[in-house]
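> Below are the sequence and a predicted model; questions follow.
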Amino acid sequence: MNKQKFFSHSQFIFVRLKLIAIAILTASVILLTSGISILHIAPAQAQRISPSDVWQVVYEKLPDLPKENQYISKESGKVAENSTLASRLIRYHIYIKERAPNYRLDWKLTLADYLDANETMYETTYPGNDTLRQNPLEGDRTTIKSLTRPQRDALVQVLTNIFNPNP
């Protein structure tokens with residue numbers, strides 16, 4: 001008799017698990033067909049702008065920002081016109097420091113690095129070190145330091161807006 005009761009209890013649990021699984025599958029189908037995402041993948045993530053293209057947008061929005069693209073390429077021996085202050089700043093921010101590109105505070109921390117007010121910047125890891133004859137770090141720091149506070153704030157705002165078009 002005890003064995004019969006255990007068997008019935010096991011069957012009961014199995015049936016409940018099946019019902020829970022069916023409910024989860026049904027809810028998943030409803031959510032997927034209705035367009036509701038429980039993962040919250042933002043449209044900005046799906047429409048991500050390539051960091052290699054962002055520097056051009058920065059100069060469209062801030063035409064007075066110095067390009068600092070006079071450095072010579074190690075490979076071609078010619079001026080590397082696409083290696084600009086903005087492109088190196090963006091690469092440093094995203095790839096070297098691995099900071100989020102859509103937050104103002106993170107961009108301010110990056111500018112603080114350039115201003116010697118935050119983290120140490122290393123020549124060996126700075127963008128352009130391996131592709132340009134002269135490491136652009138000191139020149140870029142000098143240029144960032146020469147910007148006024150409103151110019152730096154405008155740069156931060158433009159970068160934040162580019163990477164976060166729907167705040």
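Yep, it's here.
> Residue 68: neighbour count?
Residue 68 has 20 neighbouring residues, counting by other C-beta atoms under 10 Å. Glycine gets a C-beta too; all of them are placed from N, C-alpha and C.
> wait, what's in contact with residue 72?
78-80, 132-134 (C-beta atoms under 8 Å, 6 or more residues apart in numbering).
> Now that we have those residues, which of them are buried?
The neighbour-count test (16 or more other C-beta atoms under 10 Å) marks 80, 132 as buried among the contacts of residue 72.
> Pull out the buried positions in the host helix or strand of residue 54.
Here residue 54 sits within helix 51-61, counting by DSSP states H and E. For helix 51-61, a neighbour-count test (16+ other C-beta under 10 Å) marks 51, 54-55, 58-59 as buried.
> What is the subsequent helix or strand relative to that helix?
Counting by DSSP H and E, what follows helix 51-61 is helix 85-91.
> Other residues contacting that following helix?
Here helix 85-91 makes contact (C-beta under 8 Å, 6+ apart) with 51-52, 54-55, 58-59, 65-69, 101, 110, 114, 126-128, 136, 140, 143-144, 159.
> From the contact counts, what lies against the helix holding residue 54?
helix 85-91, helix 149-163 (3 or more C-beta pairs under 8 Å, 6 or more residues apart in numbering; DSSP states H and E).
> I'd like the average pLDDT over the helix or strand encompassing residue 138.
Using DSSP H and E, residue 138 maps to helix 137-146. On average, the pLDDT along helix 137-146 is 98.
> Buried residues, that helix. List them.
Quick answer for helix 137-146 (16+ other C-beta under 10 Å): 137, 139-141, 143-144.
> Need the contacts of residue 72 in CSV (columns: distance to residue 88 and pLDDT).
Conversion of the contacts of residue 72 to CSV gives the following (distance: C-beta to C-beta, whole Å; pLDDT from 0 to 100):
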residue, distance to residue 88, pLDDT
78, 18, 97
79, 15, 97
80, 11, 96
132, 9, 97
133, 15, 97
134, 13, 97
